[in-house]
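Q: Generate coordinates for the sequence data below:
(chains A, B and C)
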Amino acid sequence: MEVDEKMIFLYLFIVVSLIGVYFFTRILSFKKEVKRIGKQLQDYNNHKTNKKIDMALIEKNIEYIGVEINNLIDLHVKEKREKIRLENELKQTIANMSHDLRTPLTSIIGYIQMAEANEVSIDERIEFISIAKERAKRLEILLNDFFELSVIESSEYQLQPERLDMKTLTIDVLMSFYDRFNDKNMEPSFAMPESDVFILADRSAVTRVIENLISNAIKHSSGIVVVGLEEKESTVKLIVQNEAHHLTEKDVALLFDRFYVADQSRTSKSTGLGLSIVNSFMSKMNGTANGSLKEGKLTIMCEWKSMEKYRK
Amino acid sequence: MSNQIRVEWFKLQRNRTFWILLLTSTCISALLHYLVIIDWWQMGNTAFDSVDLSEMNALSTFTVPLFFNLIVGTLAAFFISNEFSQSSVIKNQIISGSKRSHIFLAKYLIFSLASIVVTILIPLIVGIIEVILLGYGEIFTPLNLLFLGRALGLFSLQFLGYTAILVLLAVITEDSGKTIIFSIVFTIIMFAVEKLMRLPIINMLYENSIFYQFSEVFKCSMTYSELIESILIAFVTIIILIWCGIYMFNKKEIK
Amino acid sequence: MSNYILRTKQLSKQYRNNLALDEVNISIKKGEIYGFIGQNGAGKSTMLRMVTGLSLPSEGSVELFGNDNPRELTIAQKRIGAIIESPAFFPNMTALENLEVHRLQKGVPGKDCITKSLELVGLNDTGKKKIKNFSLGMQQRLGLAIALLSDPEFLILDEPTNGLDPMGIVELRELLKKLNREKGLTILISSHILSELHQLATCYGIIHKGRLLEELSAIELDEKCKQHLRIKVDQPTKGATILESALGTTDFEVMPDGTLKLYSYLDDVRKVSKTLTDHQLVIEHLSQAGDSLENYFSKLVGGERA
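A: The predicted structure is shown next:
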């Protein structure tokens, strides 16, 4: 049986060498895979690609490296996008500002040019100049609002929280609007709670929020204005409601946008920044501001945490 | 490429046709082996007789192209062609940015592996188990086992050439029905050529094809030159067919 | 890195006697959402199939991420996620299994991407349900999950709103916007309805009978489609003042080049021109401009037909 023994050895040799080849190729493929990952990372770092790592899924531990590299890429992308978003916001702000300034400026120059003309009478000239002056004043308010907004939003602006009696404060502010309500023959209705309501917040900021909300309601409504205050589940809500038949859902969604004026023609005296200021103050105070529209009534609701919450 | 192979493997594991064929093959071979071993079905003149392995005679059924094509053709139809026509998942594979040649090769490899398991390994293992269980275990001498190893090893090599034909067919027809029909027609033609053809040129070609080798590899003794010839024929066939397949697949418009 | 994600040069496709695509040149920059508009059979899918490597161009070339030779193109395709025509799945597998197939195919490390991607499209609770029992809308979402699996840089969607209900369309639009904003994903989306892509696309390519008729940005399109009077007078500032004082409207804009765009008085152009002339202004140009989206589209396509 000598021949057969040789044959058996031959078979054994084939089997062993097959196993050897298997392990050898496996090690080679690991090596190749690690090299490929390195190459992909190099391309990523040289900005040749933004592709995440892909790999031959042959070994758990190599795959694990891939997972973590991809997580890192995710982080990187997120930060990059955030930067781009901020840049775009800035660009948009500048573009919007120049747009907001151009139209009133054109009209001011127009009135001045007309006043300069020889054929106009003195009376007309005075009228033109006074219109131009009024427009210029509106521009000034707009610029002041811009300035205020940028101050509020800057990180250096610090609020000084104190214990505030919301009920008294709201009524105080409302009283100061007495004349303006009278001018438009409007009667605000109140919905105040029985007990006192306290929050921990900056007095001037809260005052400004209430002022802006009420003045916004007076400006845009001819009907009823409801001002309400309620305390529920450790939050304090200030609600200002007014009639707004000309608004749509879409307008409401954009209400707090910096450059949004529902009345696109920009005829009204508002600058459109009142609610943006409210929004900025509210987020500075860790509160929220929301708008909703129901049956032609616009409700703006500001929420603070009540003092109860702080005591606990 | 290893990813493509893993994909095909994953798909094979979840391919219903594959499991049905596996079960069918197990049942048929169990039955055939049983009938042969109890001498209910007497086959004479097989390659296994000549090496005193008559109890394994049933295996010779599985070495006839007309028969094993039914199994392998069906698998090709439902594992490969189906992806082109029915679910058109082949689109996803192409879009994923893998090389088409890699996709083709992976399909070929896994399909061949599945085919070898279903048509060669299962009948062999079932046969060996039955022979041992029914008390004929002593027929397996080292010499016999060496014969089985050599014959089935070479047969598998030729078989790889055949699976390459089927993959090519499946890729060209893109339709499961057509794949089955064409593969049956093809085996019938080859059968006819074997039995009826008298033209010397065609005979010469046939004798150097894997179809001739399917029976040649079961000769009880082979010279080294015959061995090398057999291996060469198989390799040349595989390489040419795969090259054709990749060429066709590369040029293909995927629907 | 090239600034262009996709460029095609004189891309043409001939099917026997039928010229499906005729020398199309489009270019898509990084971060754009490109709306590819055309009627059914205009050649949208033909074009997308060539971009994704499903079919080969008869003439011209495709350049992806600045690569245009076939070898690099295949590699570049790994950076794409796409649904062409309809999404394709293994009907007997679950959503998870289908995604796993694709994950292996693309070689994405870690199975986390599967759950993330399913969450993104809102399909994270389909469990053992096989795809063949999915509704058409769910299949579309799953297709999107597959396309997004590898977190691609460029997403190609061919008529993705087919089979989606109106709610689904809104969700899809929001999702695409979010991905574009948060990841800088560049998107190519085809549709036969222009208005469907309005508010989403930042750029449009309009294709008809295999030819690219026009490529324009969303801003340009809006400009063309907003109804207004274009007025050009010799003294723009005075013109603006007169519009304000004599016509009592401020519903206008002063463009940087001095053109006035008046959004009211569209039905009384004579009054506008008379008022302006009465105030000693010379009108150099006065015309009505703007179209509805669909009007604009059919005009463009119709014009080509005539």
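Q: now the helices for the stretch 101-250 of chain C?
A: With DSSP state H, counting those that start in this stretch as the criterion, the stretch 101-250 of chain C has helices at C:112-121, C:136-148, C:166-183, C:194-197, C:218-225, C:236-245.
Q: actually the stretch 201-312 of chain A, not the one I typed
A: Secondary structure of the stretch 201-312 of chain A (DSSP H, counting those that start in this stretch): helices at A:203-220, A:249-253, A:274-284, A:307-311.
Q: So which of those helices is nearest residue C:211?
A: Residue C:211 sits nearest to helix A:249-253 of all the helices of the stretch 201-312 of chain A, at 37.0 Å, using C-beta to C-beta. Just so you know, the C-beta spots here come from the backbone N, C-alpha and C atoms, and that holds for glycine as well.
Q: Do any residues in that closest one lie close to chain C?
A: No - if you take C-beta under 8 Å from any C-beta of the partner chain as the test, helix A:249-253 misses chain C, and the best it gets is 11.2 Å.
Q: Kindly export that helix (C-alpha atoms) in PDB.
A: Taking C-alpha atoms only, helix A:249-253 is exported to PDB below (Å, rounded to 0.1, in the frame of the first residue of the first chain):
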ATOM      1  CA  GLU A 249     -51.200  80.600   9.700                       C
ATOM      2  CA  LYS A 250     -48.100  81.100   7.700                       C
ATOM      3  CA  ASP A 251     -47.700  84.700   9.100                       C
ATOM      4  CA  VAL A 252     -48.100  83.400  12.600                       C
ATOM      5  CA  ALA A 253     -45.300  80.900  12.100                       C
END
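Q: picking up where we left off before, select, out of the helices of the stretch 101-250 of chain C, the one closest to chain B.
A: In terms of C-beta to the nearest C-beta, the element of the helices of the stretch 101-250 of chain C nearest to chain B is helix C:136-148, at 6.7 Å.
Q: Which neighbouring elements make contact with the closest one?
A: Judged by 3 or more C-beta pairs under 8 Å, 6 or more residues apart in numbering or on different chains; DSSP states H and E, helix C:136-148 is in contact with strand C:80-83, helix C:95-106, helix C:112-121, strand C:154-158, helix C:166-183.
Q: With mean pLDDT and mean neighbour count added, can I get these in CSV?
A: What follows is the helices and strands packed on helix C:136-148, written out as CSV (pLDDT from 0 to 100; neighbours: other C-beta atoms under 10 Å in any protein chain shown):
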stretch, mean pLDDT, mean neighbour count
strand C:80-83, 92, 26
helix C:95-106, 93, 24
helix C:112-121, 91, 18
strand C:154-158, 94, 23
helix C:166-183, 89, 15
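Q: Could you say which one of the ones you listed comes nearest to residue C:70?
A: Ranking those by proximity to residue C:70 (C-beta to C-beta) places strand C:80-83 first, at 15.4 Å.
Q: residue in chain B nearest to chain C?
A: residue B:97 (3.5 Å).
Q: any chance of the helices of the stretch 201-312 of chain A in CSV, plus mean neighbour count, mean pLDDT and distance to chain B?
A: CSV is the format used below for these (neighbours: other C-beta atoms under 10 Å in any protein chain shown; pLDDT from 0 to 100; distance: least, C-beta to the nearest C-beta, whole Å):
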stretch, mean neighbour count, mean pLDDT, distance to chain B
helix A:203-220, 20, 85, 53
helix A:249-253, 13, 71, 38
helix A:274-284, 21, 84, 44
helix A:307-311, 14, 59, 53
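Q: nearest to residue B:89, of those helices?
A: Checking the helices of the stretch 201-312 of chain A against residue B:89 by C-beta to C-beta gives helix A:249-253 as the closest, at 41.7 Å.
Q: Distance from the chain centre to that closest one, please.
A: The chain centroid and the centroid of helix A:249-253 are separated by 15 Å under C-alpha atoms, centre = their mean, to the nearest Å.
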